[in-house]
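Asks: from the sequence below, what's the structure:
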Amino acid sequence: MVDNTNNTINANPYINQTAQTANTQQAQDVNLVNQNPYIDNTANSSLLGSFDTNKFLMGAVVGAVGAYILTNENAQKAIFKTIAKGSTLFSAGIEEMKERFEDAKAEMEAQE
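Replies: Modelled structure (predicted):
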């Protein structure tokens, strides 16, 4: 009876069709991946792929500076003082521009 069951299963067209369809679908998926221009299909021998030393070093430097600024209170004070001085100079420059504008406006009114 076991042999008869195996023959019945093998004779079922839906079971075999499902397996064949799955294999065909996998083959089509592989072909689509090979045709996609946005997927890099080159075999990389390293685990990390292409490693760019310059980008790594730049990231390490930026991270170190960020960590230093976030953890050093004196560095934070110095940065905020510099920002405050810069904003003060900017405000003074704006006020000077306003005075010059008013002077030019008054000079034009005097000429009329």
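
Asks: can we go C-alpha only for contacts and neighbour counts from here?
Replies: Fine.

Asks: and the helix or strand containing G63, what does it pack against?
Replies: Secondary structure assigned from DSSP states H and E places G63 in helix 53-71. Here helix 53-71 touches helix 73-111, going by 3 or more C-alpha pairs under 8 Å, 6 or more residues apart in numbering; DSSP states H and E.

Asks: tilt between the helix it packs on and helix 53-71?
Replies: Direction vectors for helix 73-111 and helix 53-71, defined by axes from the mean of the first three to the mean of the last three C-alpha atoms, to 10 degrees, enclose an angle of 90 degrees.

Asks: same for helix 73-111, what does it pack against?
Replies: Counting contacts by 3+ C-alpha pairs under 8 Å, 6+ apart, helix 73-111 packs against helix 53-71.

Asks: buried residues in the helix it packs on?
Replies: Neighbour counts over helix 53-71 (16 or more other C-alpha atoms under 10 Å) mark I69 as buried.

Asks: and it, average pLDDT?
Replies: Helix 53-71 carries an average pLDDT of 92.

Asks: what sits up against it?
Replies: A75, Q76 (C-alpha atoms under 8 Å, 6 or more residues apart in numbering).

Asks: just the CA trace of that helix, in CSV.
Replies: C-alpha atoms of helix 53-71 as CSV (Å, rounded to 0.1, in the frame of the first residue of the first chain):
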residue,chain,number,x,y,z
THR,A,53,40.1,54.2,4.0
ASN,A,54,39.7,57.9,3.4
LYS,A,55,36.0,57.9,4.3
PHE,A,56,36.7,55.7,7.4
LEU,A,57,39.4,58.2,8.6
MET,A,58,37.2,61.2,8.0
GLY,A,59,34.4,59.5,9.9
ALA,A,60,36.7,58.7,12.8
VAL,A,61,37.9,62.3,13.0
VAL,A,62,34.4,63.7,12.9
GLY,A,63,33.3,61.2,15.6
ALA,A,64,36.3,62.0,17.8
VAL,A,65,35.7,65.8,17.5
GLY,A,66,32.0,65.3,18.2
ALA,A,67,32.8,63.1,21.3
TYR,A,68,35.3,65.7,22.5
ILE,A,69,32.8,68.6,22.2
LEU,A,70,30.0,66.7,23.8
THR,A,71,32.1,65.6,26.8
